[in-house]
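1. pasting the sequence and the predicted model now:
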Amino acid sequence: MTRKKSFTPYANEADVLEVGNLMLENRVDRITVSGDVDLTADQAGLAHARRLHEALGAIVAALESRALPEQLPAPDIKQVDNPFA
């Protein structure tokens, strides 16, 4: 199942693509992949594999189309007080 039909890698901070229980979360400087998906030997597995292949192909193409630094700096993580405490 996909939350969103289109997924343009590195385009925004909002898009999430789901393939089974695997989630690809879009960021402007990274794609976060979490979860899992079973690529079963049936029509459902083939559909998952095709969607994952399409998404990874788009990610590779987006990376190949730009000048990339050797490595990104670690993200700036800030801790905030719990508003519900």
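-> Everything's here; your move.
2. quick one: residues contacting residue 82.
-> Applying CB atoms under 8 Å, 6 or more residues apart in numbering, we find residue 82 in contact with no residue. For glycine as for every other residue, the C-beta is placed from the backbone atoms N, C-alpha and C.
3. quick check: the gap between it and residue 21.
-> Separation of residue 82 from residue 21 (CB to CB, to the nearest Å): 28 Å.
4. which stretches of this protein have low pLDDT?
-> Counting by pLDDT under 70, the chain contains low-confidence residues at 1-5.
5. run the last query once more with 90
-> In the predicted model of the chain, residues 1-6, 73-80, 85 satisfy pLDDT under 90.
6. where along it do the strands fall?
-> Under the criterion DSSP state E, the chain contains strands at 16-19, 21-26, 31-36.
7. any buried residues in the last one, and which?
-> Think strand 31-36. Of the residues in strand 31-36, residue 31 count as buried by neighbour count, 16 or more other CB atoms under 10 Å.
8. tilt between that strand and strand 21-26?
-> Counting by axes from the mean of the first three to the mean of the last three CA atoms, to 10 degrees, strand 31-36 points 170 degrees away from the direction of strand 21-26.
9. partner strands of strand 31-36, parallel or antiparallel?
-> strand 21-26 (antiparallel) (DSSP bridges).
10. the residue nearest the centre of the chain and residue 85, how far apart?
-> Residue closest to the mean C-alpha point of the chain, counted by CA atoms, centre = their mean, is residue 24 at 2.3 Å. Using CB to CB, we find residue 24 at a distance of 32 Å from residue 85.
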